[in-house]
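Asker: I would like the atomic coordinates for the input below:
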Amino acid sequence: MKIAVIIARILLGLPFLIFGLNDFFHFIPMQPIPGDAGVLVTIMYTHGWLVFHGLLYVVAGALLVIGRYVPVALVILGPIIVNILVFHLTLAPGIGPGLFCAALEIFLIYAYWPAFRGIFVPRLEAW
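Answerer: As a prediction, the model looks like this:
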């Protein structure tokens with residue numbers, strides 16, 4: 001199980017780290033996206049949203065790759081992966097990589113479940 005968790009962490013962390021760095025350094029050439037998806041990405045790029053996304057991708061990806069604060073990285077990536085799935089379900093075909101990332105995320109949440117157990121306590125007293 002320990003080796004599977006390490007492999008899953010790296011398989012989930014590397015793409016986010018690489019694509020997050022690409023938002024800053026543009027080392028992977030990107031073709032224009034057609035249709036409404038392209039309009040949305042253009043608007044997000046023009047207004048600086050992709051810089052914020054890139055920062056979140058880099059932070060979460062780096063945390064997963066180095067294996068520190070993994071639950072924090074999973075919390076950061078949870079809504080991002082949901083956004084990726086919704087984007088590809090509604091605007092741009094090609095849901096495969098999103099499903100792969102979602103499966104890895106779910107597996108890692110299961111593996112790190114003790115870190116998430118407190119979220120599901122119905123009533124918690126403040127300090």
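
Asker: ok, which stretches of this structure are helices?
Answerer: Assigned by DSSP state H, the helices in the chain fall at 2-25, 35-46, 49-66, 70-90, 96-111, 113-116.

Asker: between the ones you listed, which gets nearest to Glu125?
Answerer: With CB to CB as the criterion, Glu125 lies closest to helix 113-116 of those, at 19.1 Å. From N, CA and C alone the C-beta is placed, and that goes for glycine too.

Asker: can I get that closest one as PDB, trimmed to CA atoms?
Answerer: In PDB, the C-alpha atoms belonging to helix 113-116 read as follows (Å, rounded to 0.1, in the frame of the first residue of the first chain):
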ATOM      1  CA  TRP A 113      -8.200   9.400   5.700                       C
ATOM      2  CA  PRO A 114      -7.100  10.000   9.300                       C
ATOM      3  CA  ALA A 115      -6.200  13.600   8.200                       C
ATOM      4  CA  PHE A 116      -9.800  14.100   6.800                       C
END
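
Asker: show me the contact partners of it.
Answerer: For helix 113-116, the external contacting residues (CB atoms under 8 Å, 6 or more residues apart in numbering) are 70-71, 109.

Asker: buried ones among those?
Answerer: 70, 109 (16 or more other CB atoms under 10 Å).

Asker: reformat the contacts of helix 113-116 into a markdown table and put pLDDT and distance to Thr42 next to each item.
Answerer: Shown next, in a markdown table, are those (pLDDT from 0 to 100; distance: CB to CB, whole Å):
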| residue | pLDDT | distance to Thr42 |
| --- | --- | --- |
| Val70 | 98 | 34 |
| Pro71 | 97 | 34 |
| Ile109 | 97 | 33 |
